[in-house]
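>>> No sequence on hand, only this structure:
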Ligand code: B12
């Protein structure tokens, strides 16, 4: 039995520079499940030159984000033509909330659960040629019809560690801006917050599972890497979380350089912990500021206060912790709105930030509400860099203002490094 595990990526405007390049960690988890079953598998990712090996696969697993929806379906057609007997499974965060779009004739299983145990059961089912489809977590094409599996949630971490072979082979290619040899780490599932625009809170049927810091730190210790990017939506949601995390690192005398997500309200509220966090390894914090005007934040249900933002920025600077600030501009922005954001970036001397165009993601309530106003429904355009809703300004002017916000960023020493 041979399984191909493939990440399907679609290029964006920033693909030329690619300031962030990391391993397809989700496939490393699947590889680990297959290793434990003594099944040969190969990760395919053309971004890093991992091509399909020679030989016939029995199963091909395809994954990709929202922008890759059409590309995944096209890939399944190519593979079915090439290997008519292969079983094709698609899965991943996009598919978890959008299974219906993948029920096409060239796909056999639409995996919409986040559970690795269910993945294992599916593989067992395929191997034993069991004709009874799994009842949960996966839609199965059998006998010319789709059998729709129930939605599935996970209630506790499944304690499976990803296979780090891909990482070890390609780590010199992985980077987060100027930080090299970056390993991805996942601890929690879902998100405890409720921001209106966000997709992540929907995952695992809105059931949030906290990270087990002890297990996470143990895993980090087993990886030979310069940086560890913890991709959980929020590294700590309470003071207690941060204390627990630091206690473990201090007791174990672990030596890490960590990148993680924190909210601005946490940074301001727990400012006395920042020095200790820096000593425990926190080197870069990614903060979703989203907007600098409270009316916008309210509409996003972000529950942060823009008045606190300058303080959060200066606290990080004082503590020598790098910041990536995340902002969104809305399609109905006026010239004045762009100017306000530009001024905020200048006044606060931000040298590292990303600006997205607010984009409703398929699967969210926002997408359903705005469906009739969408001017572009092509999946590839939902990369937060394209207008999919009609702007108030003429398109050309909107894009000119949007890209002019990036000029300072292009000059940023840190990014250029
Ligand atoms: C790091 C990251 C990236 C990295 C890539 C990481 C990677 N793994 O390859 C980079 C920076 C390159 C990136 C780029 C983009 N990203 Co991104 N990214 C993330 C982030 C922060 C973490 C993803 C991650 O690696 N998690 C760790 C893995 C192990 O967790 P996981 O994916 O949940 O997988 C688990 C389960 O879900 C399950 N599973 C996952 N896949 C599969 C597949 C199968 C078959 C099975 C059985 C199980 C399974 O098993 C895993 C183990 O538990 C998430 C936010 C988040 N919190 O999830 C956004 C996120 C995934 N990104 C998102 C988006 C939109 C993008 C972009 C399209 C746009 C952009 N501007 O960011 C680009 C696309 C680039 C491209 N060419 O494809 C969206 C996806 C929304 C969607 N519906 O698809 C997310 C959710 C953020 C958001 N805005 O809401 N991203």
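Arrived safely. Treat the numbers as computed from the prediction; the structure is a model and nothing was measured. Numbers count the residues shown, from 1 in each chain.
>>> How about the residues of the stretch 101-250 of the chain by the ligand?
Selection of the stretch 101-250 of the chain residues close to the ligand by CB under 6 Å from any ligand atom yields 111, 114, 116, 119, 184, 186, 198, 199, 200, 231, 233. Bear in mind the C-beta positions are built from the backbone N, C-alpha and C, glycine included.
>>> make it 8 Å
Residues of the stretch 101-250 of the chain lying close to the ligand (CB under 8 Å from any ligand atom) are 111, 113-116, 118-119, 122, 158, 160, 162, 184, 186, 189, 191, 198-200, 203, 229, 231-233.
>>> Take these and keep only those in helices.
Counting by DSSP state H, these place 116, 118, 119, 122 in helices.
>>> Adding neighbour count and pLDDT, write those out as CSV.
Output for those, formatted as CSV (neighbours: other CB atoms under 10 Å; pLDDT from 0 to 100):
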residue, neighbour count, pLDDT
116, 19, 98
118, 21, 98
119, 23, 98
122, 26, 98
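>>> Relative to the ligand, which of those residues is nearest.
If you rank those by distance to the ligand using CB to the nearest ligand atom, residue 119 comes first, at 4.0 Å.
>>> residues touching the closest one, list them.
Listed by CB atoms under 8 Å, 6 or more residues apart in numbering, the contact set of residue 119 reads 30, 33, 91, 111, 113.
>>> lowest-pLDDT helix or strand in the protein?
helix 413-416 (a mean of 56; mean pLDDT, DSSP states H and E).
>>> Give me the pLDDT value at the residue nearest the centre of the chain.
By CA atoms, centre = their mean, the mean C-alpha position of the chain lies nearest to residue 231, the distance being 7.2 Å. Confidence at residue 231, expressed as pLDDT, is 98.
>>> swap in residue 409?
Residue 409 is assigned 78 on the pLDDT scale.
>>> Could you report the neighbour count for it?
18 (other CB atoms under 10 Å).
>>> Now do it against residue 217, distance only.
As judged by CB to CB, to the nearest Å, residue 409 and residue 217 stand 33 Å apart.
>>> Relative to residue 41, how far out is residue 53?
As judged by CB to CB, residue 53 and residue 41 stand 10 Å apart.
>>> again, but for residue 358
In terms of CB to CB, residue 358 sits 38 Å off from residue 41.
>>> Phi first, then psi, for the residue lying closest to residue 150 once chain neighbours are set aside.
Spatial nearest neighbour of residue 150, excluding adjacent residues (CB to CB, 6 or more residues apart in numbering): residue 136 at 4.7 Å. Main-chain dihedrals, residue 136, degrees, to the nearest 10: phi -130, psi 140.
>>> Residue 136 - how many residues pack around it?
14.
>>> thought it was touching residue 118?
Yes. Residue 136 is within contact range of residue 118, at 6.8 Å (criterion: CB atoms under 8 Å).
>>> For stretch 121-136, measure first residue to last.
End-to-end span of stretch 121-136 (CA to CA, to the nearest Å): 11 Å.
>>> And stretch 108-115, by the same measure?
18 Å.
>>> returning to what we had before: for the residue nearest to residue 150, which residues are in contact?
Taking CB under 8 Å, 6+ apart as the contact definition, residue 136 lies against 113, 118, 149, 150, 151, 152.
>>> do residue 162 as well
25, 28, 29, 31, 32.
>>> Could you do residue 357 as well?
328, 329, 331, 384, 385, 386, 387, 388, 402 are the contacts of residue 357 under CB under 8 Å, 6+ apart.
>>> Report the beta-bridge partner residues of it.
Note on residue 357: beta-bridge partners by DSSP bridges are residue 329.
>>> Quick check: pLDDT value at the residue of the chain most remote from its centre.
The outermost residue of the chain relative to its centre, with distances by CA atoms, centre = their mean, is residue 143 at 35.2 Å. Per-residue pLDDT puts residue 143 at 85.
>>> Low-confidence ranges, this structure, go.
412-417 (pLDDT under 70).
>>> Residue of it nearest the ligand, please.
Closest contact between the chain and the ligand, by CB to the nearest ligand atom, is at residue 91 (2.5 Å).
>>> All set, thanks.
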